[in-house]
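Novice: My questions concern the predicted model and sequence given below.
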Amino acid sequence: MSEFFTVVTPPDAWNLLSQHFTPHVRTEQISTMDALDRVLAAPLVSPQDLPEFPRSTVDGYAVNAADTYGASSSLPAFLAVIGEVAMGRMSDLQLGVGEAALVHTGGMVPAGATGVVMVENTQAVDAASIEVLKAVADGENVIQIGEDIRIGDPILAAGHSLRPQDIGGLLALGITRVEVAVPPRVAIISSGDEVVAPDQPVAPGQVRDINSYTLAGLTKRAGGQPILYGIVPDQREALEAAAAKAHSEADIIVLSAGSSVSYRDLSVDVIAGLGAPGVLAHGLSVRPGKPTIVAVADDKPVFGLPGNPVSAMVIFDLVVTPTIRALLGATDRPKQQVQARLARNIASTAGREDYVQVRLEERDGDMWAVPVFGKSNLIYTLVHADGTVKIDLNANGVREGAWVTVFLH
């Protein structure tokens, strides 16, 4: 095996990947109701005004606002009630001077009305008249035609991930189908003679497969479709066969384990054999996750991740998640983050990015980030953590008490 292990920064690795990989977004039409968290493949514009008629925002009486000017509890305005606007129907009422009509929240405001008096600011005189105890201004308690959105206005841009409120907004406009990006297929291959399936008993020297399922979860969260290829033994022929099958079926290939420089390392050679240009970087200037492989094989990104669970998850978020998002044509979405004070010193080495797991604690009104230290093969380092603190490339550590940004898991 030809070994090389010259580390590059994550941004440099991404630049290398971008030079040899052009993402192509596949699209499909689906029901808007089924489009939660899907990425729009085309921009949307409004096909109509919303609302299409003036609507009341309260229960009360539609009035000509000028008829209420100066009204108070001691000197109310007297108005004649000419009818009630039925919900869900067009009103044929036409208000004249000194007239009012009963309306309900969401109901149509009749012609001639310029405002709505809340019912609690009125007092019935008899069945056909009211006293207005408080004046209203023009447009008060009324949503005008197109006030929410106008016909032809842009709604959402391509690359936007649809949220629950987006679904509601689209359906309010009668947009029942949308064009979205097809989730990229992400092949996940775990290797190791010591790895067994989670539902199997473990013998001395064996461990259950963690990475297949944590990486599958990260794939789904990023918007991809995970394809699990099972556990492959540490045999060249078996790994080559699994990698070749994954390359033919998936858009991204992720190999977990076998990326460290050792006599048991098969990943570099196997990845190099999948297609040109092959391995672009073997080694990232990060901790954990230094022995990472970044490659492109015939325009398909291939990643060799460390077998340690913490390392694998940190590196996945750094390089695989952005690749999935690129294949979705997705705009960057900000990570959830909080500011917290560091509960103890964190040492670091200049020239390397460190990713430290922390849990959050509130003390005396401040949020504190407590490092959860542990070796990168300990999954419960992540289970007990609420987020990650990044130590920049050129930093020499962070002192206790300093404010840091915690990127939430």
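Specialist: On my side now, so go ahead.
Novice: For the closest residue to Ala127 other than its chain neighbours, what is the enclosing helix or strand?
Specialist: With Cβ to Cβ, 6 or more residues apart in numbering as the criterion, Ala127 has its nearest non-adjacent residue at 7.8 Å, and that residue is Val81. The way it works is simple: take the backbone N, C-alpha and C, and place the C-beta from them, glycine included. Counting by DSSP states H and E, the element that carries Val81 is strand 77-84.
Novice: After that strand, which helix or strand is next? Please name it.
Specialist: Following strand 77-84 in sequence, per DSSP H and E, is strand 99-103.
Novice: That next one pairs with which strands, and in what direction?
Specialist: Using DSSP bridges, the strands paired with strand 99-103 are strand 60-63 (antiparallel), strand 77-84 (parallel).
Novice: Pull out the buried positions in the shortest one.
Specialist: By neighbour count, and taking 16 or more other Cβ atoms under 10 Å as the criterion, the buried residues in strand 60-63 are 60-63.
Novice: Could you pull out the buried residues of the strand holding Val81?
Specialist: For strand 77-84, by 16+ other Cβ under 10 Å, it's 77, 79, 81-82.
Novice: TSV for those, including distance to Leu162?
Specialist: Formatted as TSV, the buried residues of strand 77-84 follow (distance: Cβ to Cβ, whole Å):
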residue	distance to Leu162
Ala77	48
Leu79	46
Val81	45
Ile82	45
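Novice: Among those, list the two that are farthest apart in space.
Specialist: Farthest-apart pair in these is Ala77 and Ile82; separation 15.4 Å (Cβ to Cβ).
Novice: just checking, Phe21 touches Ala295?
Specialist: No - using Cβ atoms under 8 Å, Phe21 is not in contact with Ala295, being 9.7 Å away.
Novice: Looking only at neighbour counts, state which of the two leads.
Specialist: The residue with more neighbours, out of Phe21 and Ala295, is Ala295; 27 against 21, by other Cβ atoms under 10 Å.
Novice: Assign that one to helix, strand or coil.
Specialist: Here Ala295 is strand, with the state taken from DSSP: H, G, I helix; E, B strand; the rest coil.
Novice: again, but for Asp317
Specialist: Asp317 ends up helix, using three-state DSSP.
Novice: Now do the spatially closest residue to it that is not a sequence neighbour against Ser161, distance only.
Specialist: With sequence-adjacent residues excluded and distances taken as Cβ to Cβ, 6+ apart, Asp317 is closest to Leu218, at 6.9 Å. Look at Leu218 and Ser161: by Cβ to Cβ, to the nearest Å, they are 16 Å apart.
Novice: what does Val319 give?
Specialist: 20 Å.
Novice: now the strands paired with strand 99-103 in TSV, with mean pLDDT?
Specialist: Putting these into TSV (pLDDT from 0 to 100) gives the following:
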stretch	mean pLDDT
strand 60-63	98
strand 77-84	97
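Novice: Switch those strands over to TSV, and while doing so, append distance to Thr323 to every line.
Specialist: Shown next, in TSV, are those (distance: least, Cβ to Cβ, whole Å):
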stretch	distance to Thr323
strand 60-63	56
strand 77-84	60
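Novice: Partner strands of the top strand by length along the chain and their direction?
Specialist: Taking DSSP state E as the assignment, the strand of the chain that covers the most residues is strand 353-363. Applying DSSP bridges, strand 353-363 is found paired with strand 286-287 (parallel), strand 366-371 (antiparallel), strand 387-391 (antiparallel).
Novice: for those strands, which one sits closest to Pro10?
Specialist: Closest among these, using Cβ to Cβ: strand 286-287, at 6.4 Å.
Novice: Run through who's touching the closest one.
Specialist: The contact list for strand 286-287 (Cβ atoms under 8 Å, 6 or more residues apart in numbering) reads 10, 292, 314-315, 318, 352-355.
Novice: Stretch 360-369 now?
Specialist: Under Cβ under 8 Å, 6+ apart, the answer for stretch 360-369 is 338-343, 358-359, 370, 386-387, 389, 404, 406.
Novice: list the buried ones in it?
Specialist: Buried, per 16+ other Cβ under 10 Å, within stretch 360-369: 360, 368-369.
Novice: got the CA coordinates for that stretch in PDB?
Specialist: Output in PDB follows, covering the C-alpha atoms of stretch 360-369 (Å, rounded to 0.1, in the frame of the first residue of the first chain):
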ATOM      1  CA  LEU A 360     -24.600  23.000  29.200                       C
ATOM      2  CA  GLU A 361     -25.300  24.100  32.800                       C
ATOM      3  CA  GLU A 362     -26.900  27.200  34.100                       C
ATOM      4  CA  ARG A 363     -25.200  28.800  37.000                       C
ATOM      5  CA  ASP A 364     -26.100  32.200  38.600                       C
ATOM      6  CA  GLY A 365     -27.900  33.300  35.500                       C
ATOM      7  CA  ASP A 366     -25.100  32.500  33.100                       C
ATOM      8  CA  MET A 367     -24.900  29.500  30.700                       C
ATOM      9  CA  TRP A 368     -21.700  27.500  31.200                       C
ATOM     10  CA  ALA A 369     -20.100  25.000  28.700                       C
END
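Novice: distance between it and the chain's centre?
Specialist: In terms of Cα atoms, centre = their mean, to the nearest Å, the centre of stretch 360-369 is found 26 Å from the chain centre.
Novice: Report the rounded mean pLDDT for it.
Specialist: For stretch 360-369, mean pLDDT is 94.
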